[in-house]
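**Student:** A structural model of the following input is requested.
(4 chains)
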Protein chains: 2
Amino acid sequence: MAARPRIKDVAEYAGVSPKTVSNVINNFEHVSERTRTAVQEAIDALGYRVNIAGRQLRQGRTGVITLAVPELDVAYFAELAKHVMAEAGRQGRTVLIHQTGAVREGELAALHGFDAQFCDGVLLSPLSLLPRDLATRDRRMPVVLLGERSAGAGTDHVGIDNVRAAREATEHLLARGRRRIAVVGGAVLGRQGTDRLRTDGYREAVEAAGLPFSTDLVVPVDAYHWRDGARATARLLEREPAADALLCLNDHLALGALRALHEHGRSVPGDFDVVGFDDIEASRFSVPTLTTVAPDKQEIARAAVSLLLRRIDEPDADAPRDHVAGHRLVIRESTGG
Amino acid sequence: MAARPRIKDVAEYAGVSPKTVSNVINNFEHVSERTRTAVQEAIDALGYRVNIAGRQLRQGRTGVITLAVPELDVAYFAELAKHVMAEAGRQGRTVLIHQTGAVREGELAALHGFDAQFCDGVLLSPLSLLPRDLATRDRRMPVVLLGERSAGAGTDHVGIDNVRAAREATEHLLARGRRRIAVVGGAVLGRQGTDRLRTDGYREAVEAAGLPFSTDLVVPVDAYHWRDGARATARLLEREPAADALLCLNDHLALGALRALHEHGRSVPGDFDVVGFDDIEASRFSVPTLTTVAPDKQEIARAAVSLLLRRIDEPDADAPRDHVAGHRLVIRESTGG
DNA sequence: CATGAGATTTACATCGATGTAAATACGTCG
DNA sequence: CGACGTATTTACATCGATGTAAATCTCATG
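**Tutor:** Alright, predicted model coming up:
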């Protein structure tokens, strides 16, 4: 069990200086073919691998980017993580996954904390971060925001057109004759968060249809899990027995809602329609299957990684960009599809 | 936007030597109260944070452990990750999450690859790793295996009693009068993997009930997702119309199976019983809710982290340990509960 | 007041890789 | 053949933190 070889060992084996080995590793152009071959053979023979701590100490780069999401057990983030890892791999980068727990400290930790030291930049899906949190970051960590944009106007951002997506989903429900549509997870006041934007889109559609917008139909939730959807829906059914459709701000909420509707003897899509957001795998296999807004996760991952790499290479290259990724409404059984 | 302060800056600010600052940071005992306070104030005033690259280079430790799982979009792993992060946090460690993609290269990468350099040890949930892959690791990376044990007899391991759990679940189905129970995701031959162990437990229960064990009722799957469960169940229903229950080796398979049964007009638990493994959140809200084997995820996380930290501190302390975590069968609607 | 044990602090070297700048090798041309 | 420009290679310093060992300080005791 020999100690791990260092660059110096490779150099001795190949009969060159350590710096020459370094030059080979980093593809420096002025290395003769003979030397390059000899060094490569030495590397293979000794099983040498560059020590990142040494490299990072010297040049401050690690080749690692962090993906910071609120919770991995929200399937959307797990699925997004897969796409991000694939895309980063294609670009020769490694992805470190960080869970923020949807709290501000966790999000700050992704930017300044312990984890942040391993990486060159962060893809952050913020929920509680405030604009000033981004403004005050001292060591200017390259950041790309995912989804939520409200935290930082001065930062690159990737997301879908939430207002339009929610409006389209609501129009679909209206076209099916639904008239009392509730928004599970919705928000009326406060920051221009994803929840607020989607609620705005819902409101546009409802009012365009000549119906009143009522906050009684906007049901807030604590988190975006099955249990929250079930709980919120149960509450709603008591308060608003005449409701006939739900626009749920993610698929977990929608799936939990399906459960609550089932328990209250409402049939979907007979008595009730349900729409979700995210198009996670579960929505294609639930009973009934779920109509949902499908963001183009691959496009989001691609855009996010490439924006971040650009920002890492040239921190102040140009003005922050906002990439609006595509989405489509996938119609399934929960709205009669 | 000042440059990030170094230990030297703190030392100058506090009027002591860099080493003294280091002593304070590392809680060296022989530091006078006065000095400690002064240094702490300097640290706070400058916003100093230790640079991990420097520390790692010097002492070879990072305080980071890796959790390497096959796929994050399998909810069990996402939920386990939460517990592991919580427990590691309690022990002052950071968790880096690595996805192996359920392929051998990915699992090897967690042990030897790029990511491995950031961490002091690995919690690995292996699927394809061979015993020799663990045996040949050169730099002896501390490893604790989760779930699957077949890869390494000489390695610490945490898991549940898979044979007993599967036997109990099968006994439950038998007690409800089911007679042709299929195993979705099961395996008869090959390594003593989790799938094999659970199939063995199933077999024990079936044979103890005086029923024949038939490989016709063992349905292999490619992966452990909803789609695989749905596909395998559809196939089974064609081949074995008389089947009356399913033991699915994880909850996603079971939930996909529920969908396929629904499409084939079988009612659960009327005509058919279904049991899963893992007790993910979805199993508490599906229609019907899912009877499942619930491993004690918190116990698994705790045991795994503490075994790993022990192994990191004293690599050859003692013989490899095998922690068998608790589990219980949670009976829900899919078996009439 | 000198002495020595123990407490506290410090100088210096080092971990591994790479930037800088200088040294050496190679080729071409007058 | 010598000089000069370009290509290759190398010596050395450095990134930031900490182990080692030595220096300095403190204080009780003879």
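**Student:** CA only for contacts and neighbour counts going forward, please
**Tutor:** OK.
**Student:** which one is A:Pro212 nearest to, not counting chain neighbours?
**Tutor:** The spatially closest residue to A:Pro212, leaving aside those adjacent along the chain, is A:Val206, at 6.9 Å (CA to CA, 6 or more residues apart in numbering or on different chains).
**Student:** Need phi/psi at the one you found.
**Tutor:** phi -60, psi -50 (degrees, to the nearest 10).
**Student:** which residues sit in contact with it?
**Tutor:** Taking CA atoms under 8 Å, 6 or more residues apart in numbering or on different chains as the criterion, A:Val206 is in contact with A:170-171, A:174, A:212-213.
**Student:** Now the buried members of those residues.
**Tutor:** Buried by 16 or more other CA atoms under 10 Å in any protein chain shown: A:170-171, A:174, A:213, out of those.
**Student:** Tell me the one of the contacts of A:Val206 nearest B:Leu217?
**Tutor:** Using CA to CA, A:Thr170 comes nearest to B:Leu217 of the contacts of A:Val206, at 45.3 Å.
**Student:** Please report how far the closest one lies from DNA strand D.
**Tutor:** 53 Å (CA to the nearest atom of the strand, to the nearest Å).
**Student:** How is A:Gly159 assigned, secondary-structure-wise?
**Tutor:** Under DSSP: H, G, I helix; E, B strand; the rest coil, the three-state class of A:Gly159 is strand.
**Student:** State the distance from the nearest residue to it once chain neighbours are set aside to DNA strand D.
**Tutor:** Closest residue to A:Gly159 apart from its sequence neighbours, by CA to CA, 6+ apart: A:Gly147 at 4.6 Å. When CA to the nearest atom of the strand is applied, the distance between A:Gly147 and DNA strand D equals 34 Å.
**Student:** Contact partners for A:Gly147?
**Tutor:** Residues counted as contacts of A:Gly147 (CA under 8 Å, 6+ apart) are A:125-126, A:157-160, A:194.
**Student:** Write the ChimeraX selection for whichever of those are buried.
**Tutor:** The following ChimeraX selection, which keeps only the buried ones among the contacts of A:Gly147, applies the criterion 16+ other CA under 10 Å:
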select /A:125,126,157,158,159,160,194
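**Student:** Can I get the contacts of A:Gly147 in a markdown table including distance to DNA strand C and pLDDT?
**Tutor:** What follows is the contacts of A:Gly147, written out as a markdown table (distance: CA to the nearest atom of the strand, whole Å; pLDDT from 0 to 100):
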| residue | distance to DNA strand C | pLDDT |
| --- | --- | --- |
| A:Ser125 | 31 | 93 |
| A:Pro126 | 33 | 89 |
| A:His157 | 30 | 94 |
| A:Val158 | 31 | 96 |
| A:Gly159 | 35 | 96 |
| A:Ile160 | 38 | 96 |
| A:Thr194 | 41 | 93 |
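**Student:** so A:Lys8 is in which element?
**Tutor:** With elements taken from DSSP states H and E, the one containing A:Lys8 is helix A:7-14.
**Student:** mind listing what's buried in that helix?
**Tutor:** Taking 16+ other CA under 10 Å as the criterion, helix A:7-14 shows A:7, A:9-11, A:13-14 as buried.
**Student:** what's the spacing between that helix and its chain's center?
**Tutor:** 43 Å (CA atoms, centre = their mean, to the nearest Å).
**Student:** Just confirm yes or no for it near DNA strand D.
**Tutor:** No - with CA under 7 Å from any atom of the strand as the criterion, DNA strand D is not reached by helix A:7-14; the gap is at least 7.9 Å.
**Student:** next SSE after the helix or strand of chain A at the bottom of the mean pLDDT ranking?
**Tutor:** The weakest-scoring helix or strand in chain A, judged by mean pLDDT, DSSP states H and E, is helix A:131-135 (a mean of 69). Along the chain past helix A:131-135, the next helix or strand (assigned with DSSP H and E) turns out to be strand A:143-146.
**Student:** What would that following strand look like as PDB? C-alpha coordinates only.
**Tutor:** What follows is the C-alpha trace of strand A:143-146 in PDB, where atoms were taken according to Å, rounded to 0.1, in the frame of the first residue of the first chain:
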ATOM      1  CA  VAL A 143     -23.500  32.700  -8.700                       C
ATOM      2  CA  VAL A 144     -26.400  31.800 -11.000                       C
ATOM      3  CA  LEU A 145     -29.900  31.800  -9.500                       C
ATOM      4  CA  LEU A 146     -32.300  29.100 -10.500                       C
END
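**Student:** show me where chain A has helices.
**Tutor:** Assigned by DSSP state H, the helices in chain A fall at A:7-14, A:18-25, A:33-46, A:52-59, A:75-90, A:104-112, A:131-135, A:162-175, A:194-208, A:226-239, A:251-263, A:297-313.
**Student:** Output the contacting helices and strands for the fourth one.
**Tutor:** Looking back up the chat, that one is helix A:52-59. Counting by 3 or more CA pairs under 8 Å, 6 or more residues apart in numbering or on different chains; DSSP states H and E, the packing neighbours recorded for helix A:52-59 are helix B:52-59.
**Student:** quick one: buried residues of the helix it packs on?
**Tutor:** By neighbour count, and taking 16+ other CA under 10 Å as the criterion, the buried residues in helix B:52-59 are B:52-54, B:56-57.
**Student:** hang on, isn't A:Leu255 packed against A:Arg231?
**Tutor:** No - with contact defined as CA atoms under 8 Å, A:Leu255 does not count as touching A:Arg231 (11.5 Å).
**Student:** of the two, who's got more company?
**Tutor:** Of the pair A:Leu255 and A:Arg231, A:Leu255 is the one with more neighbours under other CA atoms under 10 Å in any protein chain shown, namely 31 against 16.
**Student:** Not counting residues beside it along the chain, what's closest to that one?
**Tutor:** A:Trp226 (6.2 Å).
**Student:** pLDDT below threshold where in chain A?
**Tutor:** Where chain A drops to pLDDT under 70, the residues are A:1-2, A:131, A:135-140, A:151-153.
**Student:** Near DNA strand D, which residues of it? Just list them.
**Tutor:** Taking CA under 7 Å from any atom of the strand as the criterion, the contact residues of chain A with DNA strand D come out as A:15-20, A:23, A:29-32, A:34-36, A:54, A:57-58.
**Student:** Mind checking which of those are buried?
**Tutor:** For these, burial is judged from neighbour counts taken by 16+ other CA under 10 Å, and it is met by A:18, A:20, A:23, A:35-36, A:57.
**Student:** count of neighbours near A:Asp156?
**Tutor:** Neighbour count for A:Asp156, taken as other CA under 10 Å: 22.
**Student:** mind checking how far it is from DNA strand C?
**Tutor:** As it turns out, when the distance is counted by CA to the nearest atom of the strand, A:Asp156 lies 27 Å from DNA strand C.
**Student:** Check A:Pro18 too.
**Tutor:** 5 Å.
**Student:** now do A:Leu72
**Tutor:** 33 Å.
**Student:** Looks like that residue contacts A:Ile97 (just checking).
**Tutor:** No - with contact taken as CA under 8 Å, A:Leu72 and A:Ile97 are classed as non-touching, separated by 9.2 Å.
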